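In: Attaching a predicted model along with its sequence, questions to come.
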Amino acid sequence: MSNTQQLEALVTQVRRDILRMVHKVNSGHPGGSLGCTEFFVALFQEIMDRKEGFTMDGINEDIFFLSNGHISPVFYSVLARSGYFSVDELNTFRLIDSRLQGHPTTHEGLPGVRVASGSLGQGLSVALGAAQTKKLNGDSHLVYSLHGDGELQEGQNWEAIMYASAKKVDNIIATVDLNGQQIDGATDDVLPMGSLKAKFEAFGWIVLEINEGNNLEAILKGMAEAKSKTGQGKPVCVLLKTVMGNGVDFMMHTHAWHGKAPNDEQLAVGLAQNVETLGDY
Amino acid sequence: MKTYTNTGNKDTRSGFGAGLTELGKTNENVVALCADLIGSLKMDDFKKNHPERFFQVGIAEANMIGIAAGMTIGGKIPFTGTFANFSTGRVYDQIRQSVAYSDKNVKICASHAGLTLGEDGATHQILEDIGLMKMLPGMTVINTCDYNQTKAATIAIADHHGPVYLRFGRPSVPNFTPEDQTFEIGKAIQLTEGNDVTIVATGHLVWEALEAAKALNDKGISAEVINIHTIKPLDDKAILDSVAKTKCIVTAEEHNYLGGLGESVARVLAQHQPTPQEFVATNDTFGESGTPAQLMDKYGLNSNAIINAVETVLKRK
């Protein structure tokens, strides 16, 4: 198999994991998770320079922060399948005594998670702090972060966006999952945010757009370009246009599956559209 | 009765500034962040001596707390500085999720706590912060009483791994604790020995408690004054040992009686040794503009208020 085929196989398997995790506990957020599956697979398999194992401090490696913590299913699946913990543990998602809490946390010691997230709008500040510590430590590795588009309605983001360019935090690549949906409907209906590109640029960021955010090659190319823009005195933002629910036809192009689990029949349909590749957990 | 000498009035916030200056020299992992109040927080020296480790975040407290949480990843020990109101209530969810629940080693250092910032009024005063912070799992809550103790506490919390809320004030108040003290988190300090009543005080009320004890002594009432600088974890043993002897207690704090030191003490007593208790604290109210002395008098937070509370509690023994 070519590398791309291997990544595609992993994407399909992660989609199965997501569907099975949320189905089992009849809760969780499949829509945004499916929409970001290709991004997570590309990030953890190809883009980030990661060390084996996990240390909280993440010194001399690239580190990642998930700000929109509700898409924990994709995060957990990709962490497990990238070697941070056993894939069997995906069985415990959202169950009592689990390290795989509904929203990610460091509190239970799950490898791969460096901050709790779920209450929206806090991740960019944290990522900036970690990026500044990397600079203080003389660590030339990068900080990656992911944010929902609806999440940008939280004001703290704009404090952080202003700060990042003012302080020339140029070792961060903040990606926005631009799926145009939030719980109550389309972001343009709930609270239109206008041009995020224009806004980030007005705040002094370098902005790149990946229009095919569910295409692995487009993601790899776009993120490589983003990486090439770091170290130039400006923070880098990637606007990643994705389709919520991607890969499961009845979950696509709607906010209906933002925080809803499939029933038995829907699960069967979803899994039939994503045939097992690397082995279910 | 043991007496204490005021070596000269100083503000506790300057004690924080001096402690931070010291840490700048001794601990290269200490970084400081401020939300546009460098002068008020006395962070100028640290900024001047260590510009690379000082971060002016502007008027954006939520971002400051998040950045501080992130800076711990990679080993830094961030000290954030702003007024107590903006350090707690304004950013409660940021502290809750990004700092406390995430087990981050952030030191939230808060000046202008309580009523005694004075003329700015209730928008800038806060009488709820001890309660807000002590309810957060894993958060250590400290309220120091004078310049020397604030300096010692600032230095000590850098060596304590975990989130800390350090609360101090704006006005110049008597400086009476030893200059060379070692600050032990969670260890109450017995200031006077007494048999008739225990007075447990924190922050600016500690000196007032000593003044009250002196006046009570003249009336033949022997008061045991305990300085509770750490509200969480509370030194249960020191309180229980003292009330075993005195059989009654007065708590004194520049804070709402709901959620403050007094309630923490009442919980310990209710569980282990039910004891008559009177509260010197604000009575579920906001503050207002005025001089610190006027406010402490109007809201019943001075030595006279403590004396009255002692006289009340003695009758309940």
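Out: Here it is on my side, so go on.
In: Let me see the contact set for B:G58.
Out: Residues in contact with B:G58 (CB atoms under 8 Å, 6 or more residues apart in numbering or on different chains) are A:159, A:162-163, A:166, B:35-36. Where you see a C-beta, it was placed from the backbone N, CA and C, and this is true even at glycine.
In: pLDDT at the residue nearest to B:F54 when sequence neighbours are not counted, what is it?
Out: Using CB to CB, 6 or more residues apart in numbering or on different chains and skipping the chain neighbours, the partner closest in space to B:F54 is B:K47 (4.3 Å). Predicted confidence (pLDDT) for B:K47: 98.
In: Check the one 3 residues further on too.
Out: Looking at B:H50, its pLDDT is 98.
In: which element is the closest residue to B:T144 other than its chain neighbours on?
Out: Nearest non-adjacent residue to B:T144, counting by CB to CB, 6+ apart: B:T150, 4.2 Å away. Per DSSP states H and E, B:T150 falls inside helix B:147-157.
In: Give me the distance from that helix to the chain's centre.
Out: Its chain's average C-alpha position is 11 Å from that of helix B:147-157, according to CA atoms, centre = their mean, to the nearest Å.
In: which bits of chain A sit near chain B?
Out: Residues of chain A found near chain B (CB under 8 Å from any CB of the partner chain) are A:56-59, A:63, A:65, A:105-107, A:114-119, A:122-134, A:136-137, A:139, A:155-156, A:159-160, A:162-163, A:166-167.
In: Looking at those, which are in strands?
Out: A:63, A:65 (DSSP state E).
In: and the residues of chain A next to chain B, which are buried?
Out: For the residues of chain A next to chain B, a neighbour count by 16 or more other CB atoms under 10 Å in any protein chain shown gives the buried set as A:56-59, A:63, A:65, A:105-107, A:114-119, A:122-134, A:136-137, A:139, A:156, A:159-160, A:162-163, A:167.
In: Select from the residues you listed every entry located in helices.
Out: A:123-134, A:136, A:156, A:159-160, A:162-163 (DSSP state H).
In: Secondary structure of B:A68: a helix, I assume?
Out: Yes. B:A68: assigned to a helix according to DSSP: H, G, I helix; E, B strand; the rest coil.
In: Look up how far chain A lies from it.
Out: 6 Å (CB to the nearest CB, to the nearest Å).
In: does residue 278 count as helix, strand or coil?
Out: As the question left the chain open, I've gone with chain A. Following three-state DSSP, the label given to A:L278 is coil.
In: wait, I meant chain B there
Out: Here B:E278 is recorded as strand under three-state DSSP.
In: bridging residues for it?
Out: B:V250 (DSSP bridges).
In: what's the answer for the one 4 residues further on, then?
Out: Here B:T282 sits in beta bridges with B:N256, as judged by DSSP bridges.
In: Quick one, grab the pLDDT at it.
Out: Predicted confidence (pLDDT) for B:T282: 98.
In: cool, A:T254 as well?
Out: On pLDDT, A:T254 comes in at 87.
In: Excluding chain neighbours, what is closest to residue 45?
Out: With no chain named, the answer covers chain A. For A:Q45, ignoring the flanking residues on the chain, the nearest one in space by CB to CB, 6+ apart is A:L7 at 6.0 Å.
In: oops, I was thinking of chain B
Out: In this structure, B:D45 finds its nearest non-sequential neighbour in B:T21, 4.4 Å apart by CB to CB, 6+ apart.
In: And the strands in chain A?
Out: Taking DSSP E as the criterion, chain A contains strands spanning A:63-66, A:143-148, A:172-178, A:181-182, A:185-186, A:206-210, A:236-241.
In: Tell me the one of the contacts of B:G58 nearest B:A110?
Out: B:A35 (11.3 Å; CB to CB).
In: From chain A, how far off is the closest residue to that closest one other than its chain neighbours?
Out: Nearest residue to B:A35, sequence neighbours excluded (CB to CB, 6+ apart): B:T82, at 4.5 Å. Separation of B:T82 from chain A (CB to the nearest CB): 14 Å.
In: wait, what's in contact with B:T82?
Out: By CB under 8 Å, 6+ apart, B:T82 lies in contact with B:34-37, B:41, B:61, B:64, B:110-111.
In: Low-confidence regions, the chain specifically.
Out: Defaulting to chain A. Along chain A, the parts satisfying pLDDT under 70 run over A:1.
In: that's the wrong chain, I meant chain B
Out: For chain B, no range has pLDDT under 70.
In: Now do the strands for it: every range, in order, please.
Out: So, for chain B - with DSSP E - the strands run B:10-11, B:30-34, B:54-56, B:77-83, B:107-111, B:140-143, B:164-167, B:172-173, B:189-190, B:197-201, B:223-227, B:230-232, B:249-256, B:277-282.
In: Of these, which is nearest B:T3?
Out: strand B:223-227 (11.0 Å).
In: And the closest one, what does it pack against?
Out: Applying 3 or more CB pairs under 8 Å, 6 or more residues apart in numbering or on different chains; DSSP states H and E, one finds that strand B:223-227 contacts strand B:189-190, strand B:197-201, helix B:205-218, helix B:236-246.
In: Now the ones you listed in CSV, please, with extra columns for distance to chain A.
Out: Below are the helices and strands packed on strand B:223-227 laid out as CSV (distance: least, CB to the nearest CB, whole Å):
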stretch, distance to chain A
strand B:189-190, 33
strand B:197-201, 32
helix B:205-218, 35
helix B:236-246, 26
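In: Just name the most buried of the ones you listed.
Out: Scoring these by mean neighbour count under mean count of other CB atoms under 10 Å in any protein chain shown gives strand B:197-201 as the most buried, with a mean of 30.
In: got the angle between it and helix B:205-218?
Out: Counting by axes from the mean of the first three to the mean of the last three CA atoms, to 10 degrees, strand B:197-201 points 160 degrees away from the direction of helix B:205-218.
In: outside of strand B:197-201, which residues touch it?
Out: Contacts for strand B:197-201 (CB under 8 Å, 6+ apart): B:145, B:188, B:208-209, B:212-213, B:216, B:221-228, B:239, B:242-243, B:245-246, B:248-253, B:261, B:265, B:306, B:310, B:313-314.
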